[in-house]
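Trainee: Sequence first, predicted model second:
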Amino acid sequence: MAKRERVVRMSVEQPLWRALTAYRVLTMLYAVGLFVLTRDMFERPWVAVAFLAVMSVWTLATLPKVAGAAGCTRPFLVADLTLALTGILLTPLADVDAQTFDGSTLPTIWTAGSVLAYAIKGGWRWAAFASSLVAVANIVERGDPSRDTLHNVLLVWVASIAIGYVVEVARASERTLARALEIEAATRERERLARDIHDSVLQVLAMVQRRGSALGGEAAELGRMAGEQEVALRTLVAGGLTRTSRVSEDESQGAVVREVEEPDEDGAPTDLRTLLAPFAGSRVTFSEPGAPVLLPPAAARELAAAVRAALDNVRRHVGEDAPAWILVEDWPDEVIVTVRDDGPGIPEGRLAQAEGEGRMGVALSIRGRLRELGGTADVVSVPGQGTEVELKVPRGKAGR
């Protein structure tokens, strides 16, 4: 029984917010510790104490704000940057010699956290705006800026813009990946539906067409109508596989939310032999290793469905009474199931032609199933010597 699973893929920028949170706390402690060590150098230490107290309370109180993009609003960014600029401009008031000697400002490197918040939230343009204001404040605070001051200002400006640009590229890549995953999921679902249709409805319509043509009369008319519906349904299935889907994403959070159907694979491994044994009969010979061939339930079901599709092809193209053989090989790294018949074989290029005409039996019911399991399906046919379909499923990939 299938179950619905809500898949939430976190934004790639979330680790940057966590790093920024830690950075703000550590640089706050650094600014306070630096003042304690150099407090004798301040002519008005009470100014520094007052500012550092406000900065510390603000930093700790606003930690949830920098935990993600949702909390980091524009008013918070403006207030945070204003506090950093105020600390820079208050430095000469607390330390009269600050403009003479090229020392640290009151917030020191805590200011860079405000600029980085702009970069992560809004990209390189916001980062350029914030870092430019910090540069102007540092130049005004120094009065006559030295080479080291200009070097530090330029470093913050370039680094913040680079980080903002990287964030924008990461967001674009995330949207592209999400779109590709959504398209892949939709395509896989359509292929599954197409296989189910091929295994049931199309097979019945084909049988009605053959039997109706053989009986003649009104049955022949029913067979003709069934044949028309078979062609229409094949065209619909083939056309549906070329469609794409849109991505559903939350731009504000940078997260992508998708709902997908997943088979319930919580059960114990299934013995493949129990699923293939019902195929055995007077015309089908079944050979197995004599020991359980264990696979995940979904993988075992898909492999059995591919074997059923191969046997359907034998009955359809070779004959209702045509003999067939099923051989199961259980190896440490893979499981191999071979379906063989002694019919006339498949002419060269016939499979490609059938796929082009919308007859997707081998392409979807057999190869499509094995591809989803991470395996392969090889069809070997020699005119006049029958056809052999070899299905290989690697154990490591089948368990995913």
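Mentor: Structure's in. What do you need?

Trainee: which residues of the stretch 151-300 of the chain fall in helices?
Mentor: Counting by DSSP state H, counting those that start in this stretch, one finds helices in the stretch 151-300 of the chain at the ranges 203-215, 218-240, 272-276, 297-317.

Trainee: Quick one: residues in contact with the third one.
Mentor: Put plainly, it is helix 272-276. Under the contact criterion C-beta atoms under 8 Å, 6 or more residues apart in numbering, helix 272-276 has outside partners 286, 288, 292-295, 300-301, 303-304, 307, 326, 328, 335, 337. In short, each C-beta sits where N, CA and C put it, glycine included.

Trainee: I'd like to know which of the helices of the stretch 151-300 of the chain is closest to residue 18.
Mentor: Nearest to residue 18 among these is helix 297-317 (36.0 Å), distances taken as C-beta to C-beta.

Trainee: Direction included, what does the helix or strand just after that closest one pair up with?
Mentor: Using DSSP states H and E, the helix or strand that follows helix 297-317 in sequence is strand 324-330. With DSSP bridges as the test, strand 324-330 is paired with strand 284-287 (parallel), strand 334-341 (antiparallel).

Trainee: So what touches the first one?
Mentor: Think strand 284-287. The list of residues contacting strand 284-287 from outside it, by C-beta under 8 Å, 6+ apart, reads 276, 277, 279, 280, 311, 323, 324, 325, 326, 327, 328.

Trainee: Can you flag the buried ones in the residues you listed?
Mentor: For the contacts of strand 284-287, a burial check counting by 16 or more other C-beta atoms under 10 Å picks out 276, 279, 311, 323, 324, 325, 326, 327, 328.

Trainee: re earlier: considering the contacts of strand 284-287, which member attains the minimum pLDDT?
Mentor: Lowest in pLDDT among the contacts of strand 284-287 is residue 280, which has 83.

Trainee: Could you check how far the residue nearest to that one when sequence neighbours are not counted is from residue 344?
Mentor: Once flanking residues are discounted, residue 280 sits nearest to residue 286: 3.7 Å by C-beta to C-beta, 6 or more residues apart in numbering. Residue 286 sits 23 Å away from residue 344, going by C-beta to C-beta, to the nearest Å.

Trainee: Please apply the same query to residue 287.
Mentor: Distance from residue 287 to residue 344, by C-beta to C-beta: 24 Å.

Trainee: for residue 34, same thing?
Mentor: Residue 34 is 89 Å from residue 344, by C-beta to C-beta.

Trainee: again, but for residue 322
Mentor: Distance from residue 322 to residue 344, by C-beta to C-beta: 10 Å.

Trainee: what's the answer for residue 303, then?
Mentor: Taking C-beta to C-beta, one finds residue 303 at 27 Å from residue 344.

Trainee: Just want to know which of these two has more residues nearby.
Mentor: residue 303 (27 against 15; other C-beta atoms under 10 Å).

Trainee: for the more buried one, what are its contacts?
Mentor: Neighbour list for residue 303: 272, 275, 295, 335, 337, 369, 370, 373, 391, 393 [criterion: C-beta under 8 Å, 6+ apart].

Trainee: what about 6 Å?
Mentor: For residue 303, the contact set (C-beta atoms under 6 Å, 6 or more residues apart in numbering) comprises residue 393.

Trainee: Check it and give its pLDDT.
Mentor: 92.

Trainee: Are we agreed that residue 377 is in a strand?
Mentor: Yes: the assignment for residue 377 by DSSP: H, G, I helix; E, B strand; the rest coil puts it in a strand.

Trainee: That one and residue 390 touch, don't they?
Mentor: No: using C-beta atoms under 6 Å, residue 377 makes no contact with residue 390, being 7.3 Å away.

Trainee: which of those two has more neighbours?
Mentor: residue 377 (23 against 17).

Trainee: Helices of the stretch 1-150 of the chain, residue ranges please.
Mentor: Per DSSP H, counting those that start in this stretch, the stretch 1-150 of the chain has helices spanning 14-37, 45-61, 74-94, 111-122, 124-142, 147-197. These are given in chain order.

Trainee: in the second one, what's buried?
Mentor: The one in question is helix 45-61. Neighbour-count burial for helix 45-61 flags 47, 48, 51, 52, 55, 56, 59 (criterion: 16+ other C-beta under 10 Å).

Trainee: Farthest pair within those residues?
Mentor: 47 and 59 (18.5 Å).

Trainee: Now residue 291. Nearest residue, chain neighbours left out?
Mentor: Of all residues beyond its chain neighbours, the one nearest residue 291 is residue 330 (7.0 Å), with distances taken as C-beta to C-beta, 6+ apart.

Trainee: ok, now how distant is that neighbour from residue 395?
Mentor: Taking C-beta to C-beta as the measure, residue 330 falls 10 Å from residue 395.

Trainee: Could you list the low-pLDDT ranges of the stretch 151-300 of the chain?
Mentor: Filtered on pLDDT under 70, the stretch 151-300 of the chain yields the residue ranges 190-204, 228, 230-267.
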